[in-house]
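Participant: What follows is a predicted protein model with its sequence.
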Protein chains: 2
Amino acid sequence: MGQTVATIDDVAKKAGVSKGTVSSVFSKKRPISRQVTERVLEVAKDLGYFPNHVARSLAIKKTMIAGLKMPISKDSNMSGFEIQMINGVMKECSKNGYRLLLDTLPEHDDPTQFSIDPVDGVIMLNPRKQDPRIERYKQMGIPLVLVGRPDPEDETVCYVDNNNRDLGFKVGEYLLGIGHRDILFLNAASDMTVAYDRENGLAGSFAAQGIPYGSVQVLNYSRKMHYNAAEYGYRSIMETFGKKHYTAVIADTDRVALGVLRAARELNIDVPVRLSVIALSNDATVAQETTPKLTSVDQSAEILGAEAAKILIEKMNDSSIVHQRVIDAKLVIRESCSHLS
Amino acid sequence: MGQTVATIDDVAKKAGVSKGTVSSVFSKKRPISRQVTERVLEVAKDLGYFPNHVARSLAIKKTMIAGLKMPISKDSNMSGFEIQMINGVMKECSKNGYRLLLDTLPEHDDPTQFSIDPVDGVIMLNPRKQDPRIERYKQMGIPLVLVGRPDPEDETVCYVDNNNRDLGFKVGEYLLGIGHRDILFLNAASDMTVAYDRENGLAGSFAAQGIPYGSVQVLNYSRKMHYNAAEYGYRSIMETFGKKHYTAVIADTDRVALGVLRAARELNIDVPVRLSVIALSNDATVAQETTPKLTSVDQSAEILGAEAAKILIEKMNDSSIVHQRVIDAKLVIRESCSHLS
DNA sequence: AGATTTCATTAAACCGGTTTAACAAAGGTC
DNA sequence: GACCTTTGTTAAACCGGTTTAATGAAATCT
């Protein structure tokens, strides 16, 4: 019973072979005779020896770990979007033998504290404007894929992104098509580029049909509201219905839509007859279980994550490649919207 | 522009100091004069040097990474339970400066492929019966905390677990208290110990009041059903209502309950008047957004995860400690159950 | 049988850091 | 001025693996 963990040297000594031989037995990278192999494995089992991943990584400069950099706030939980994205990343990594290092730690202020992480590549969520980390990863020689567009645009960096403008456009096009003009848009926080892009797309759909955009009212979620997404949807309706005039609501996420539906029930507003609700969905499973089922524009965070992982895995094998993929949204008509008569 | 990444030796040479000095400048573990510090940092910046986490880990035998071992199936997504649990683990780790290595890779069959992972400790989800990994981690000297009870019981291993028996008991006690006898229990898959424990608790509540258990009908989810949890709830009701007689439904998760509610709406069954629904909830945010709001027994997967992480962090500092925490469920009465008249 | 190739093994260098022990120079005490 | 600390620095050993170049033995070819 060693207090201490057995190392390759212990095994080599006890088996009467060199450490190189033991290494070869475990890595199978070089042929080793049957007898020696058996003796080494026997001794290793005896000693409870297992190769040390860190030491191996240092030597071969490879960890088979992908990093996922994703800030979280202390109080609130992961959003549906983040969860689904992780899901996609995870599955793709798992499929290719990679594990995932979830790094939710806040950025260091002290530059001496940065270090080259034990990963072969990194997926970074929501890059900030002029994000200094992009350059840093380049210096470190670590492949990087962003989820979200870099700002300023950069031809040399890989990213995947939802086409949020398209998302907004499709929603607008649909709602206009079924006669709605007065629309309440419960958008994401205004400092997020997604919020900007979506509203931009929505406005674009109005412009495309020559309809004045003034009848759209936009609210923005704010982290300062200390309640969750569903509550945001609920309160927004409770506080505005009757005061403001709208016949359709665009909810930023499925959760927000859930809150909207609850408020509607409480106020006895018949959805979709009196009020149409459309969700910018990132989790299709929720949208299908409501009553009425949510009409939504799916942006599949899972596909986004999987796509990011695929690109990263490709890039880890050939660091010269650059892929930038923008994924269009898909309108799924269910039951929560109706033609304005 | 070196094709290669700068190392501590490069910095030492260019700054005209020893590598030990450079090390001290970055680790701040030993005093270094102002002038030297500045010169070294200057050179490091020039060269784009960042300390290598892997090399450092090897030397100090510490990674500041916690492992989370969690199998996933290729096709299905993480369950709400898993998501919430990860959430809890993540927050707790983040708070203490740890990152999280999500290991969803299937177990290796080849024993030479095991290795001591680059983690300071591991949280393992759903240990199997006689799980060999428990012993292996012990040999590796890696602190381990289970989520779920080890089988066979083991005094020396840390774990956290829901008190699933208590969960079942509380549900039964409540439903019996409001007059229900004929109950449909949509339970988890029958090969999971949680399913057994819950039914055991439910039966216990009947026994405690001397009521025959025969009026309870139990269904079990099966992975062979190729549909999700919500669909399980939906179909179960659609297929049995009218054929079997029950006045209350116990749903294994929030998602299942969602499906039950949808079926009820479709069949025009008034919940809670004609049918009471109670959920074994692992995600309180869903339960609050349904109509009617779900009465549930909360088992907060998030708290479970956080608790596991807390214990692990404690154990990583003092490996001798052993904590086993069983967390009782909490009945939250909302709107989906009513007294049987 | 001798020359040549193949195969298994090893010693030593290497990966990129940290840490120990030794030491020189500067500062403090009497 | 001799003696003791303190401070800053370094060379070398170390963490636990992989890999290269060298070597000796066995197998194959003339």
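Facilitator: Received it, and whenever you're ready, just let me know what you need.
Participant: Next, the distance between the ends of stretch A:56-71.
Facilitator: Taking C-alpha to C-alpha, to the nearest Å, stretch A:56-71 runs 30 Å from one end to the other.
Participant: for the residue nearest to residue A:108 when sequence neighbours are not counted, what are its contacts?
Facilitator: Distances taken as C-beta to C-beta, 6 or more residues apart in numbering or on different chains put residue A:114 closest to residue A:108, at 6.2 Å, once the chain neighbours are dropped. Where you see a C-beta, it was placed from the backbone N, CA and C, and this is true even at glycine. Shown in contact with residue A:114 (C-beta atoms under 8 Å, 6 or more residues apart in numbering or on different chains): A:108, A:136, B:50-51.
Participant: Next, count neighbours for the spatially closest residue to residue A:178 that is not a sequence neighbour.
Facilitator: Closest residue to residue A:178 apart from its sequence neighbours, by C-beta to C-beta, 6+ apart: residue A:339 at 4.4 Å. When neighbours are defined as other C-beta atoms under 10 Å in any protein chain shown, residue A:339 has 10 of them.
Participant: Just the buried ones among the contacts of residue A:114, please.
Facilitator: The neighbour count (16 or more other C-beta atoms under 10 Å in any protein chain shown) marks A:136, B:50-51 as buried among the contacts of residue A:114.
Participant: who's in contact with residue A:202?
Facilitator: When contacts are taken as C-beta under 8 Å, 6+ apart, residue A:202 is in contact with A:168-169, A:171-172, A:185, A:213, A:216, A:250.
Participant: Mark which of the residues you listed are part of helices, please.
Facilitator: Secondary structure from DSSP state H places A:168-169, A:171-172 of those in helices.
Participant: Just give the closest residue to residue A:338, not the sequence neighbours.
Facilitator: residue A:272 (3.8 Å).
Participant: for chain A, which spans come out with low pLDDT?
Facilitator: A:1-3, A:75 (pLDDT under 70).
Participant: Please report how far the residue nearest the centre of it lies from chain B.
Facilitator: Centroid check for chain A by C-alpha atoms, centre = their mean gives residue A:85 as the closest residue, at 3.3 Å. Residue A:85 sits 12 Å away from chain B, taking C-beta to the nearest C-beta, to the nearest Å as the criterion.
Participant: May I ask which helix or strand encompasses that residue?
Facilitator: helix A:80-95 (DSSP states H and E).
Participant: mind listing the helices for chain A?
Facilitator: A:8-15, A:19-27, A:34-47, A:53-60, A:80-95, A:132-140, A:164-177, A:193-208, A:229-240, A:254-266, A:284-287, A:301-317.
Participant: As TSV, these with distance to residue B:294 would be great.
Facilitator: Rendered in TSV, the data for the helices of chain A read as follows (distance: least, C-beta to C-beta, whole Å):
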stretch	distance to residue B:294
helix A:8-15	55
helix A:19-27	52
helix A:34-47	52
helix A:53-60	44
helix A:80-95	19
helix A:132-140	42
helix A:164-177	30
helix A:193-208	31
helix A:229-240	13
helix A:254-266	12
helix A:284-287	14
helix A:301-317	25
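Participant: nearest to residue A:123, of those?
Facilitator: helix A:301-317 (5.0 Å; C-beta to C-beta).
Participant: Buried by neighbour count: which residues of the closest one qualify?
Facilitator: Quick answer for helix A:301-317 (16+ other C-beta under 10 Å): A:301-316.
Participant: restrict those to those near chain B?
Facilitator: Filtering the buried residues of helix A:301-317 for proximity to chain B (criterion: C-beta under 8 Å from any C-beta of the partner chain) leaves residue A:302.
Participant: ok, the buried residues of helix A:301-317 vs DNA strand D, which is closest?
Facilitator: residue A:316 (16.3 Å; C-beta to the nearest atom of the strand).
Participant: quick one: contacts for that closest one?
Facilitator: In this structure, residue A:316 makes contact with A:66, A:120-121, A:143, judged by C-beta under 8 Å, 6+ apart.
Participant: Let's see which of these end up in strands.
Facilitator: In this view, the contacts of residue A:316 that belong to strands under DSSP state E are A:66, A:121.
Participant: Going by distance to DNA strand C, which of the contacts of residue A:316 wins?
Facilitator: For the contacts of residue A:316, the closest approach to DNA strand C (C-beta to the nearest atom of the strand) belongs to residue A:120, at 14.2 Å.
Participant: Would you mind stating the distance between the closest residue to that closest one other than its chain neighbours and residue A:61?
Facilitator: Closest residue to residue A:120 apart from its sequence neighbours, by C-beta to C-beta, 6+ apart: residue A:316 at 4.9 Å. Distance of residue A:316 to residue A:61, given as C-beta to C-beta, to the nearest Å: 12 Å.
Participant: Since that was my last question, I'll sign off now.
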